[in-house]
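[1] Need a 3D model of the following:
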Amino acid sequence: MLLRRAVAQELGNPKAGLEFAKRACAECHEVEAAETFSPHPDAPTFRQVAGTPGMTARALAVWLQTSHPTMPDFIIPPGDTDNVIAYIMSLRPPQ
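    Numbering: from 1, shown residues only. Coordinates of the predicted model:
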């Protein structure tokens, strides 16, 4: 009997997500993995977002579709949302 392990397919392309984030998010957030401070003092770095306890791709998807008082009304095009989420999740510290 042949056993196969189920492998969850990751959505999005982290590299494309980083490129989008550099163009659209870096004015306020630090998007690069090695940096520790965002240009806007109240904006968390992407690494901080990724390391938030309980952070999941689904939580990010909901958060990115909800307006926030500290963020401008910003809509990520649907084709880029999965990429940005994949990039942010790639920054998660090892569990």
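[2] Now do the helix-or-strand element of the chain with minimal mean pLDDT: which elements does it pack against?
    For the chain, using mean pLDDT, DSSP states H and E, the weakest element among its helices and strands is helix 57-64, scoring a mean of 92. Counting contacts by 3 or more CB pairs under 8 Å, 6 or more residues apart in numbering; DSSP states H and E, helix 57-64 packs against helix 78-90. C-betas here are computed from N, CA, C, even on glycine.
[3] coming back round to it: in CSV, list the C-alpha atoms belonging to the least confident helix or strand of the chain.
    Only the C-alpha atoms of helix 57-64 are listed here, as CSV (Å, rounded to 0.1, in the frame of the first residue of the first chain):
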residue,chain,number,x,y,z
ALA,A,57,-2.3,33.7,6.7
ARG,A,58,-6.1,33.9,7.2
ALA,A,59,-5.7,36.5,10.0
LEU,A,60,-3.5,38.6,7.7
ALA,A,61,-6.1,38.3,4.8
VAL,A,62,-8.8,39.6,7.1
TRP,A,63,-6.7,42.3,8.5
LEU,A,64,-5.6,43.5,5.0
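[4] which ones are touching the residue most central in space within the chain?
    The centroid of the chain falls nearest to residue 88 when counting by CA atoms, centre = their mean (2.8 Å). Applying CB atoms under 8 Å, 6 or more residues apart in numbering, we find residue 88 in contact with 17, 46, 49-50, 60.
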